[in-house]
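Novice: The following comprises the amino acid sequence and a computationally predicted model.
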Amino acid sequence: MPPNDHPYDAYFEYVGNLHIHSRYSDGAAAVHEIARSAKQVGLDFIILNDHSYMAEYLHLQDEGFYDGLVVLLGLEIGGRYHHYLAYDIKEMISGRSLGPQEVIDRVNAQGGFGFFAHPFEKGMPFSEKSLAYTWNDLSVKGYTGVCIWNFSSRWKERIKTVFHGLFFLLFKSQFLKPPSRKTLSFWDKLCQQKKTAGIGGSDAHGSLFKWHGIRLKPLSYEYLLNSINVHILLYKPLSEDFAEAKAAIYEALRQGRAFIVHENLASARGFKYYYVSDEGWNLTMGEERPFQTGTLFIKIPKEGEIRLIRDGTVERRWRGNQVSFRVKQKGVYRVEVYCHLSVFGWRPWIFSNPIYLR
């Protein structure tokens, strides 16, 4: 069934965590151990992105169903700069001597696709001297999208001293910053030029932090696998055939038929955002069509502050859990939702992929 003819209320929602590191690179656990943790927090799928310059092989033999959980393996390709999250690749790409455009081209040549990882991160001031793995060459082409929200990157940017570390460990969920303004502005501009999918990720390592005899694990797999998650929308239930399930998950990510959630604040299962034209056709996140007047509908699982963004600018704000908006002009429309926590105020919760009305 073509996407624009699919009933807006007939999608099947699945929740996954992306950008996870295992012992194949600099993570602290084996694939099966990470899968067990993901199953415990209620995920439907996970995708590992071990560093290509550390991993010897792609290890596709580890893909499969783990007690009903879909486990997929991609790569994080890059060295000092230009880290690229590659998905649906068939062979190892080391990337050691490749420029960013060459990396993208090689991923595409395998039928894969990818996203900029933490393109504008700032690094941790305290123990890493603000070392950041940024994207400096933004002239590249052929990539699918951008990881707009990386839990580990946003969390560590605030750690300036040991006292900051202790404070933001205690309140790591409550004080997580939203995607940076620079990242969102970059993404919004890209989306106005062409469809550009957005994802989020945990960047989970499960690593020990060592400092003056102190040894602790500030961000465990169990915590991070329920941090920044991606909810995908499928046209039919996830298949019990692994190859079909893998293809469906990757197609949803490639198309941007998804939304990004800070899951530790509250579950966002059931979030809906779709467009119904006056002629009766409809679109959901990641879909596009020439503009015709119609109505946007937004429904969230609990009350929050809903912000409708058009071409990078806030078009309208509401407080509630279900709203509609009459659309009279073309544009790229996406949604941000903030969740209210007592004492802590309004905190970033849901970021949708856009609906493109050209």
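Specialist: Thanks, I have the structure now.

Novice: going forward, measure contacts and count neighbours with C-alpha atoms only.
Specialist: Will do.

Novice: Give me the nearest residue to residue 277, chain neighbours excluded.
Specialist: Setting aside the residues directly before and after it, residue 277 is nearest to residue 294 in space (CA to CA, 6 or more residues apart in numbering), at 3.9 Å.

Novice: Kindly apply the preceding question to residue 132 instead.
Specialist: Here the residue nearest residue 132, using CA to CA, 6+ apart, is residue 123, at 4.5 Å.

Novice: What helix or strand is the one you found located in?
Specialist: Using DSSP states H and E, residue 123 sits in no helix or strand.

Novice: That one is in contact with residue 131, isn't it?
Specialist: Yes - with contact defined as CA atoms under 8 Å, residue 123 reaches residue 131; the gap is 4.9 Å.

Novice: Which of the two has more residues huddled nearby?
Specialist: Counting neighbours by other CA atoms under 10 Å for residue 123 and for residue 131 shows that residue 123 has the greater number, 22 against 13.

Novice: Please look at residue 118 and residue 145 and confirm they touch.
Specialist: No - with contact defined as CA under 8 Å, residue 118 does not reach residue 145; the gap is 11.7 Å.

Novice: circling back to that earlier point, count of neighbours near the residue nearest to residue 277?
Specialist: 18.

Novice: check contacts around residue 40.
Specialist: Under the criterion of CA atoms under 8 Å, 6 or more residues apart in numbering, residue 40 has no neighbours.

Novice: Would you mind measuring from it to residue 292?
Specialist: 45 Å (CA to CA, to the nearest Å).

Novice: Also residue 138?
Specialist: 33 Å.

Novice: Which one of the two is surrounded by more residues?
Specialist: Each of residue 138 and residue 292 has its neighbours counted (other CA under 10 Å); residue 292 has more, 17 against 12.

Novice: check contacts around the more buried one.
Specialist: 277-278, 328, 330, 357.

Novice: Show the buried residues in those residues.
Specialist: 277, 357 (16 or more other CA atoms under 10 Å).

Novice: And residue 300, which helix or strand is it part of?
Specialist: Assigned by DSSP H and E, residue 300 falls in strand 294-310.

Novice: In that strand, which residues are buried?
Specialist: Buried, per 16+ other CA under 10 Å, within strand 294-310: 294-296, 298-300, 304-310.

Novice: And for stretch 148-163?
Specialist: 148-160.

Novice: That one: how far from the chain's middle?
Specialist: 17 Å (CA atoms, centre = their mean, to the nearest Å).
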